[in-house]
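>>> Below are the sequence and a predicted model for it; my questions follow.
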Amino acid sequence: IQSCLSLGLEFLDTWPSRIQSILIMTQLTPEEKHHLITRNLAEWLGDDKLKAILKERDLKLYWGTATTGKPHVGYFTPVSKIADFLNAGVEVTILFADLHAYLDNMKAPWELLAKRTEYYQAVIKSMLRSIGVPLEKLKFVKGTDYQLSK
């Protein structure tokens, strides 16, 4: 009962920010979404196509990272941009290139692959939650989920 109670209180504590994030995301115009998606980018291609898509539907985005070591301060830059994408209603898929990390000079021992991707996922989710980003449109996949045959 104690753990259920604390879980319920934790949910209630985050409820206002979750509602606020959802309301902000659904109230954005295509122009506001475009601003969030493109801000702080040095360049992007296909701006006319981007604007046309945003008038019809939300974008789908893929970002990949090799899980070769511990996440570090350098992850703040891509994660802050991922926050912009999620706040703009973009469906974000993050690929953890765990097999790539293993094959890259054995930087990630085979025994650690699963644990390391769990750790990366927890760190990235925590970073996004800490700044009030909605996670409903965030998905994670591992390279080994489809690169290995069993």
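Noted; the coordinates are in hand.

>>> So what's the residue count around E32?
14 (other Cβ atoms under 10 Å). For the C-beta atoms, the positions are set from N, CA and C on the backbone; glycine is no exception.

>>> try S130
S130, neighbours per other Cβ under 10 Å, totals 8.

>>> is it fair to say W63 lies in a strand?
Yes. Counting by DSSP: H, G, I helix; E, B strand; the rest coil, W63 is found in a strand.

>>> Show me where this structure has its strands.
60-65, 91-96, 138-142 (DSSP state E).

>>> what's the closest of those to R129?
Closest of the strands of the chain to R129 is strand 138-142, at 10.5 Å (criterion: Cβ to Cβ).

>>> contact partners of that closest one?
82, 86, 91-96, 98, 117, 121, 125, 128 (Cβ atoms under 8 Å, 6 or more residues apart in numbering).

>>> and what of stretch 64-71?
So stretch 64-71 is contacted by 78, 94-98, 100-101, 104, 107-108, 113, 116-117, 119-120, 123-124 (Cβ under 8 Å, 6+ apart).

>>> What count of nearby residues applies to the nearest residue to V123 once chain neighbours are set aside?
The spatial neighbour of V123 that comes closest, neighbours along the chain excluded (Cβ to Cβ, 6 or more residues apart in numbering), is P71 at 4.7 Å. Neighbourhood size, P71 [other Cβ under 10 Å]: 17.

>>> Report pLDDT for P71.
At P71, the model reports a pLDDT of 86.

>>> Show me which residues of stretch 92-102 are buried.
Across stretch 92-102, burial judged by 16 or more other Cβ atoms under 10 Å covers 92, 94-102.

>>> likewise stretch 32-46?
33-34, 36-37.

>>> mind putting the residues you listed in CSV, distance to V141 and pLDDT included?
Output for those, formatted as CSV (distance: Cβ to Cβ, whole Å; pLDDT from 0 to 100):
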residue, distance to V141, pLDDT
K33, 24, 98
H34, 27, 98
L36, 24, 97
I37, 22, 97
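
>>> Tell me which of these fall in helices.
33-34, 36-37 (DSSP state H).

>>> May I ask which two of these are separated the most?
H34 and L36 (7.4 Å).

>>> Residues that sit against both of the two, list them.
With Cβ under 8 Å, 6+ apart, H34 and L36 have no common neighbours.
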